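Undergrad: requesting a structural model of the entry that follows:
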Amino acid sequence: FDSVLDSFVPALMLRAMIEWRKHDFYKASQILKERESLCHGNNSWHLNSGHVNFALGGNAALNESIQHYEYLVEQHANNLLEVSPVALANLCVAYVLTDRNDAAEAIIRRVEEEEQEDEEKYDMHTVTRHSCIINLVV
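TA: Residues are numbered from 1 along each chain as shown. You can find the predicted model right below:
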């Protein structure tokens, strides 16, 4: 099943991307929702569903995007820097737009702390700068 799913997900993402490029975020969302039962445990599906719902805007869509982005955060609880910086930035913006500023600040602080830890362990040139992207978007 997993090997079939690994082949199916890119095709599904391509179908959704076609609608995304036409700025038909609703249709892209519908394409992804149709296969939720198959793809619920797939990080790529959650990332793209989060992006599509974020682009739709509106309180219900933002709350849905939060759920998808939070799933990614939970999957990388030990290293938040493994999550796409754009996903983290969108999550923070969605939190702010739904009056959850404290949650956004907690994510930003956590990213900054992890970056600080990486700076102490590794060469400064290899450290990711998620916080820069997050702060630019927010």
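Undergrad: now do the helices in this protein.
TA: Taking DSSP state H as the test, the helices found in the chain are 2-21, 25-34, 36-39, 43-56, 59-75, 85-97, 101-121, 130-137.
Undergrad: check contacts around residue 17.
TA: When contacts are counted by Cβ atoms under 8 Å, 6 or more residues apart in numbering, residue 17 touches residue 28. For the C-beta atoms, the positions are set from N, CA and C on the backbone; glycine is no exception.
Undergrad: now it: how far from residue 28?
TA: To residue 28, residue 17 is 8 Å away according to Cβ to Cβ, to the nearest Å.
Undergrad: surely residue 64 meets residue 53?
TA: Yes - between residue 64 and residue 53 a contact is recorded at 4.4 Å, counting by Cβ atoms under 8 Å.
Undergrad: comparing the two, which residue is more hemmed in?
TA: Higher neighbour count among residue 64 and residue 53: residue 53, with 27 against 20, using other Cβ atoms under 10 Å.
Undergrad: how many neighbours does the spatially closest residue to that one that is not a sequence neighbour have?
TA: Spatial nearest neighbour of residue 53, excluding adjacent residues (Cβ to Cβ, 6 or more residues apart in numbering): residue 65 at 3.8 Å. By the criterion of other Cβ under 10 Å, residue 65 has 28 neighbours.
Undergrad: heads up, I number from 34, so please use that
TA: Noted, 34 is the first residue going forward, which turns the last one into residue 98.
Undergrad: how much space between residue 98 and residue 145?
TA: Distance from residue 98 to residue 145, counting by Cβ to Cβ: 23 Å.
Undergrad: so where is the protein shaky, pLDDT-wise?
TA: For the chain, the stretches with pLDDT under 70 are 34-35, 156-161.
Undergrad: 90 - rerun?
TA: 34-41, 71, 73-74, 149-171 (pLDDT under 90).
Undergrad: quick test: name the residue nearest the centre of it.
TA: Here the mean C-alpha position of the chain is nearest to the C-alpha of residue 120 (Cα atoms, centre = their mean), at a distance of 3.1 Å.
Undergrad: OK, contacts around that residue?
TA: With contact taken as Cβ under 8 Å, 6+ apart, residue 120 is in contact with 80, 83, 84, 102, 105.
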